[in-house]
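[1] what follows is a predicted protein model with its sequence.
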Amino acid sequence: TSAGTARALWTQLRHEGAASPSDEEAIADQASLDHAEIYGRNIESFIGTVKIPVGVVGPLRLNGLNAHGDYYVPLATTEAALVASYGRGAEVTAQAGGITTAMIGEGVLRTPAFVFRNMLEAGMFINWIAGAVDQLKASAEATTRHGKLITIEPFMDSDTVFLICRYTTGDAAGQNMVTVATEALCAYIAANTPVAPLRAFIEGNFSGDKKASYLGLHMGRGRKVTASIELPDALIRKYLHVEPEAMLAYGRVAALGSTLSGQLGAQAHYANGLAAFYIATGQDAACVAESAVGFTRAERREGGIFFSVTMPNIVVGSVGGGTGLPSQAAALGIMGLKGEGNDLHGAICRD
């Protein structure tokens with residue numbers, strides 16, 4: 001990909017009446033064309049970039065097991081008032097001493113699937129898998145310097161077997177990493193299993209990749225995080241302009257609404273903040289479909305309200321994907337998370 005190929009595509013678009021010179025000027029600005037080769041690593045038929053407003057929230061005060069201090073968080077969105085809303089949250093939580101955070105689980109899932117002639121063959125295959133775990137792990141991990149296959153859990157449905165493969169992925173979100181590793185695992189199975197499947201698939205659509213699922217809700221996919229804070233009544237009134245009892249009353253109705261409508265989890269809309277953060281920092285924005293699942297809890301405590309949030313499917317990284325693009329790398333830099341082997345990144349991911 002080069003600036004020349006982008007210009008050639010714009011010539012074609014104008015010739016066919018699909019674009020105007022002003023369209024080209026807005027999308028194919030010089031700064032974008034100067035980095036055409038970099039952008040081209042993440043997209044085909046590159047013609048430029050779309051500009052999304054970026055705001056910053058903070059300081060956001062964290063009291064994690066490993067990460068402590070104040071952080072500024074970039075958010076890219078076209079939704080007016082979103083950054084202001086999160087800004088109020090950052091302000092009131094900082095005044096209350098900060099948010100307690102922890103990462104309580106980790107593992108990106110891939111679930112290869114194998115179809116057999118009958119239930120007996122499927123059961124025999126699972127028995128063989130149980131004795132070949134070390135070899136399967138070695139095959140998968142030979143494809144990556146950073147990924148580790150930590151568990152393999154069979155799930156059987158009559159003549160079909162899914163293998164729930166859970167990986168740690170270092171500083172990367174790891175979606176492609178675990179796909180390549182699982183392909184190697186499947187190749188080892190094909191070459192060595194005494195019970196040959198009729199069909200095999202690297203991903204059987206069981207893992208919950210970019211989908212809200214009960215599996216992700218309970219097992220987690222990516223990083224499972226939890227956070228909590230206790231806000232005094234006086235701060236709620238001063239910064240959020242609402243009576244604490246009204247907040248609690250709404251929380252009860254919202255929890256009922258989540259249950260009656262069959263939502264996965266109970267929360268208002270994590271997707272707003274996650275989408276803005278994922279876009280700003282070069283994450284895979286489609287992962288919001290699974291990441292925006294979780295539970296928000298509010299309980300009366302003496303003199304205030306205790307709030308907690310648990311999110312089991314946070315799929316993020318500081319390397320790979322779009323994290324190396326110019327603006328996205330700069331956004332990660334604002335947080336102190338740019339690049340591989342960053343001690344702060346490791347601390348925050350653990351928190």
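    Structure received.
[2] check which helix or strand residue 134 maps to.
    Following DSSP states H and E, one finds residue 134 within helix 133-141.
[3] which residues touch the most centrally placed residue in the chain?
    Closest to where the C-alpha atoms of the chain average out (C-alpha atoms, centre = their mean) is residue 315, at 2.3 Å. Taking C-beta atoms under 8 Å, 6 or more residues apart in numbering, we find residue 315 in contact with 108, 173, 175, 221, 222, 223, 283, 284, 287, 290, 291. Yep, even glycine has a C-beta here, placed from its N, CA and C like the rest.
[4] now the buried members of those residues.
    108, 173, 175, 221, 222, 223, 283, 284, 287, 290, 291 (16 or more other C-beta atoms under 10 Å).
[5] return the subset of these lying in strands.
    Cross-referencing those against strands under DSSP state E gives 108, 222, 223.
[6] what about the nearest residue to residue 275 once chain neighbours are set aside, how many residues close to it?
    Distance criterion C-beta to C-beta, 6 or more residues apart in numbering; nearest residue to residue 275, sequence neighbours excluded, is residue 288 at 4.9 Å. A count of neighbours around residue 288, defined by other C-beta atoms under 10 Å, yields 24.
[7] in contact with residue 288, which residues?
    Contacts of residue 288 (C-beta under 8 Å, 6+ apart): 271, 274, 275, 278.
[8] checking the last one next. Helix, strand or coil?
    Going back to what we said before, that points to residue 278. helix (DSSP: H, G, I helix; E, B strand; the rest coil).
[9] what's near enough to touch the residue nearest to it when sequence neighbours are not counted?
    Leaving aside its chain neighbours, residue 278 sits nearest to residue 285 (4.8 Å; criterion: C-beta to C-beta, 6+ apart). Applying C-beta under 8 Å, 6+ apart, we find residue 285 in contact with 275, 278, 279.
[10] and residue 199, bridged to which residues?
    residue 115 (DSSP bridges).
[11] now residue 322, what's its secondary structure?
    Residue 322 is classified as coil under three-state DSSP.
[12] wait, it sits on residue 328?
    Yes. At 5.3 Å, residue 322 counts as touching residue 328 under the criterion of C-beta atoms under 8 Å.
[13] joint contacts of these two?
    residue 282.
[14] which among the contacts of residue 285 gets closest to residue 168?
    Set against residue 168, the nearest of the contacts of residue 285 by C-beta to C-beta is residue 278 (20.4 Å).
[15] mind putting the ones in strands among the buried ones among the contacts of residue 315 in CSV, pLDDT included?
    As requested, those are arranged in CSV below (pLDDT from 0 to 100):
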residue, pLDDT
108, 96
222, 95
223, 95
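[16] what is the nearest of those residues to residue 196?
    residue 108 (28.1 Å).
[17] what about residue 62, distance to residue 100?
    Per C-beta to C-beta, to the nearest Å, residue 62 is found 8 Å from residue 100.
[18] quick one, which of the two is more surrounded?
    Ranked by neighbour count (other C-beta under 10 Å), residue 62 and residue 100 place residue 62 first, with 21 against 16.
[19] quick check, the more buried one in a helix?
    No. Counting by three-state DSSP, one finds residue 62 to be strand, located in no helix.
[20] for it, give its distance to residue 73.
    Distance from residue 62 to residue 73, by C-beta to C-beta: 10 Å.
[21] helices and strands of this structure: which one has the lowest mean pLDDT?
    helix 343-350 (a mean of 50; mean pLDDT, DSSP states H and E).
[22] rewinding a little: from residue 36, how far off is the residue nearest to residue 278?
    Residue 285 sits 22 Å away from residue 36 when distances are taken as C-beta to C-beta.
[23] so where do the strands sit in this structure?
    According to DSSP E, the strands that the chain contains are 54-64, 68-76, 99-110, 113-115, 148-157, 160-168, 199-201, 222-232, 265-266, 294-301, 304-314.
[24] adding distance to residue 124, write those strands out as CSV.
    Shown next, in CSV, are the strands of the chain (distance: least, C-beta to C-beta, whole Å):
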stretch, distance to residue 124
strand 54-64, 47
strand 68-76, 51
strand 99-110, 23
strand 113-115, 12
strand 148-157, 11
strand 160-168, 10
strand 199-201, 15
strand 222-232, 33
strand 265-266, 38
strand 294-301, 39
strand 304-314, 33
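[25] ranking those strands by mean pLDDT, which is last?
    Between the strands of the chain, the one with the least mean pLDDT is strand 265-266; it has a mean of 91.
[26] adjacent strands (with direction) for that strand?
    strand 294-301 (parallel).
[27] so where is this structure shaky, pLDDT-wise?
    Regions of the chain meeting the criterion pLDDT under 70 cover residues 341-351.
[28] residues near the spatially closest residue to residue 24 that is not a sequence neighbour, how many?
    Among residues not flanking residue 24 along the chain, residue 10 sits closest, at 4.7 Å (C-beta to C-beta, 6+ apart). By other C-beta under 10 Å, 20 other residues sit near residue 10.
[29] ok, residue 10 - contacts?
    With C-beta under 8 Å, 6+ apart, residue 10 has these contacts: 19, 24, 28, 47.
[30] could you identify which of the residues you listed has the most neighbours?
    With neighbours set by other C-beta under 10 Å, the maximum within the contacts of residue 10 is found at residue 47, which has 22 neighbours.
[31] quickly list what residue 57 is bridged to.
    Assigned bridge partners for residue 57, using DSSP bridges, are residue 73.
[32] need phi/psi at the nearest residue to residue 271 once chain neighbours are set aside.
    Of all residues not flanking residue 271 in the chain, residue 292 sits nearest, at 3.9 Å (C-beta to C-beta, 6+ apart). The phi/psi pair for residue 292 (degrees, to the nearest 10) reads phi -80, psi 50.
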